[in-house]
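Visitor: need coordinates for the following:
(one chain, ligands or ions: 2)
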Amino acid sequence: MKLYNTLTKREEEFKPIEEGKVRMYVCGPTVYNLIHIGNARPMILFDTVRRYFEYKGYEVSYVSNFTDVDDKIIAKAIEEGSTSEEVAERYIEECKKDMAAMNVRPATVHPRATQEIDGMIEMIRTLIDKGYAYPAEDGTVYFRTRKFDGYGKLSHKNIDDLEGGHRSIQVTGNLKEDPLDFVLWKPKKEGEPYWESPWCQGRPGWHIECSVMSKKYLGDEIDIHAGGEDLVFPHHENEIAQSEAANGKPFAHYWMHNAFLNIDNKKMSKSLGNFFTVRDIQEKYDLQVLRFFMISAHYRSPLNFSDELMEAAKNGLERILNAADMLRRHMEKPEDALLEGEAEVLAGTDAFVGKFEASMEDDFNTADAVSAVFELVKYINTSLKEDSSRALAEGFYQKLQMLCDILGIIIERKEEVLDEEIEALIAARQEARKAKDFAKADEIRDKLKDMGILLKDTREGVTWTRA
Ligand code: AMP
Ligand code: ZN
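Guide: Ligands and ions are numbered 1, 2, ... in the order given. As a prediction, this is how the structure comes out:
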């Protein structure tokens, strides 16, 4: 299996540290808002990478963090008069709902920065002991960037060029020894969340969080570290410096980075007004369509989001789902065995499975893998006849499902729950509540939840959303 490694700028054969196992860490979102479709790109792509490794028989430990302490979270809490814990908790829950709707499987562990502070203090202490970090007068702890040989190896930057670019930046109070040094721990400001530490009451810098969470859940040395390409510098470069300096071992063997998702060929940004949350898309599309749209392009190519491309993704997905419907109808026939000659017809699917695998093994070329699925669909559509056996339809279905499952595409049709049915159940629950039959009210709420309908009691009445 070949994958492109940002560290070496080459496609490399994947060799796990431990036979049959993959340890991977994917930088997760900062939770101050609903996730946007840009954040959804790494989630969907690296979930697909994980699924492919599992298909190949690897046991995958997949760790993805939530950054739950950050300036943006604090600003949001101040804006709405709540706390940063409340803001983070809410958006972690919302993020998990979006992930489920995009069929992104929960990570093996989803660590949260605020619950790993002890480990961060410990790593910072080690870095100070080894001479790689120093506390300044105000309690800020800085990483001594120049002391780490190989700084710049991931982003392929020369440390001296970096300094040139930074020299103009005024260093407040000259607390840093060198403008290149970056923060590991910073003192609290009035009203901010803080933790006790040997240096000051404060909070960790962003980069140290990932080094520590990766170490705790996956060990000092891991197979794959991934995230969006904006994270290469400085975030991942600094993670390497911290982890390798503290642990004395190479950190991640392979670094994978997805290119950006743009909207109408422009960078997605709130100020330009071209910004969509995953929830915005869900109003118009089943999120399977968003997933299909994302995997229809190679992860290292920039991807442009537009209505036309989403419509094309919807139509493409529909072609696959229609073939699955047709097979399921055929599978209603009484049980039988393959007819004469059908074993060869079924074996004809091997070519498409082979093409699919070859595409995935070529640096996870999901675009070509999707083409292989389309070819399989075409083959199925032309090979299955009215008088074909049920066994053949089942054989085809199993192949189609196997490939779609790797891509995270569900080919079973969801039972469509009608609005009237939901409204009737909500009315019954209101009746039960009026009659103080809370057990029944809760029962109806749970039933709706099983149907994928979430209720919210507000002062204005009950509102519902599809999970
Ligand atoms: P953040 O919450 O900004 O730290 O982002 C979480 C993840 O989403 C990181 O891996 C980012 O690189 C990635 N990301 C953010 N914006 C985009 C985008 N427009 N396209 C692709 N990936 C993105
Ligand atoms: Zn990270």
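
Visitor: isn't there a strand covering residue 257?
Guide: Yes. Using DSSP: H, G, I helix; E, B strand; the rest coil, the assignment for residue 257 is a strand.

Visitor: in contact with it, which residues?
Guide: By CB atoms under 8 Å, 6 or more residues apart in numbering, residue 257 lies in contact with 6, 226, 227, 228, 229, 231, 232, 300. Every C-beta, even on glycine, is put in place using the N, C-alpha and C of the backbone.

Visitor: what parts of this structure come near ligand 1?
Guide: 27, 29-30, 38-39, 41-42, 227-228, 230-231, 258, 260-261, 268 (CB under 6 Å from any ligand atom).

Visitor: any of these buried? List them.
Guide: Buried members of these, counted by 16 or more other CB atoms under 10 Å: 27, 29-30, 38-39, 41-42, 227-228, 231, 258, 261, 268.

Visitor: of those residues, closest to residue 432?
Guide: Within those, proximity to residue 432 (CB to CB) peaks at residue 29, which comes in at 38.4 Å.

Visitor: excluding its backbone neighbours, what's nearest the closest one?
Guide: residue 39 (4.9 Å; CB to CB, 6 or more residues apart in numbering).

Visitor: starting at the chain centroid, how far to the helix or strand harbouring the one you found?
Guide: For residue 39, the host element (DSSP states H and E) is helix 37-55. Centroid separation for helix 37-55 versus its chain: 6 Å, with CA atoms, centre = their mean, to the nearest Å.

Visitor: picking that back up, out of the residues of the chain next to ligand 1, which is nearest to residue 12?
Guide: residue 258 (17.5 Å).

Visitor: tell me, how many residues neighbour the residue nearest to the closest one when sequence neighbours are not counted?
Guide: Spatial nearest neighbour of residue 258, excluding adjacent residues (CB to CB, 6+ apart): residue 299 at 4.6 Å. Residue 299 has 26 neighbours, counted by other CB atoms under 10 Å.

Visitor: what's the following helix or strand after the helix or strand harbouring residue 85?
Guide: According to DSSP H and E, residue 85 maps onto helix 84-101. Downstream of helix 84-101, the next assigned helix or strand under DSSP H and E is helix 117-129.

Visitor: quick one on the thing from earlier: could you look up the SS state of the residue nearest to residue 258?
Guide: coil.

Visitor: so the helix holding residue 39 versus helix 84-101, what angle?
Guide: Put simply, helix 37-55 runs at 60 degrees to helix 84-101, going by axes from the mean of the first three to the mean of the last three CA atoms, to 10 degrees.

Visitor: counting contacts, what elements does the next helix or strand after helix 37-55 pack onto?
Guide: Going down the chain from helix 37-55, the next helix or strand is strand 59-64, by DSSP H and E. Applying 3 or more CB pairs under 8 Å, 6 or more residues apart in numbering; DSSP states H and E, one finds that strand 59-64 contacts strand 21-26, helix 37-55, helix 206-218.

Visitor: so what touches the very next helix or strand once past the last one?
Guide: Going back to what we said before, that points to helix 206-218. Once the chain leaves helix 206-218, the next helix or strand it forms, by DSSP H and E, is strand 222-228. Contacting residues not belonging to strand 222-228 are listed as 3, 14, 16-17, 21-27, 38, 41-42, 46, 49, 214, 235-236, 239, 251-258, 260 [CB under 8 Å, 6+ apart].

Visitor: state the mean pLDDT of the host helix or strand of residue 246.
Guide: Assigned by DSSP H and E, residue 246 belongs to helix 237-247. Per-region confidence: helix 237-247 scores 98 on mean pLDDT.

Visitor: lowest-confidence helix or strand of the chain?
Guide: helix 159-166 (a mean of 72; mean pLDDT, DSSP states H and E).

Visitor: next SSE after that helix?
Guide: For helix 159-166, the following helix or strand on the C-terminal side (DSSP H and E) is strand 182-187.

Visitor: partners of that following strand in the sheet?
Guide: strand 141-143 (antiparallel), strand 202-204 (antiparallel) (DSSP bridges).

Visitor: let's have those strands in a markdown table, adding mean neighbour count.
Guide: Converted to a markdown table, the strands paired with strand 182-187 look like this (neighbours: other CB atoms under 10 Å):
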| stretch | mean neighbour count |
| --- | --- |
| strand 141-143 | 25 |
| strand 202-204 | 24 |
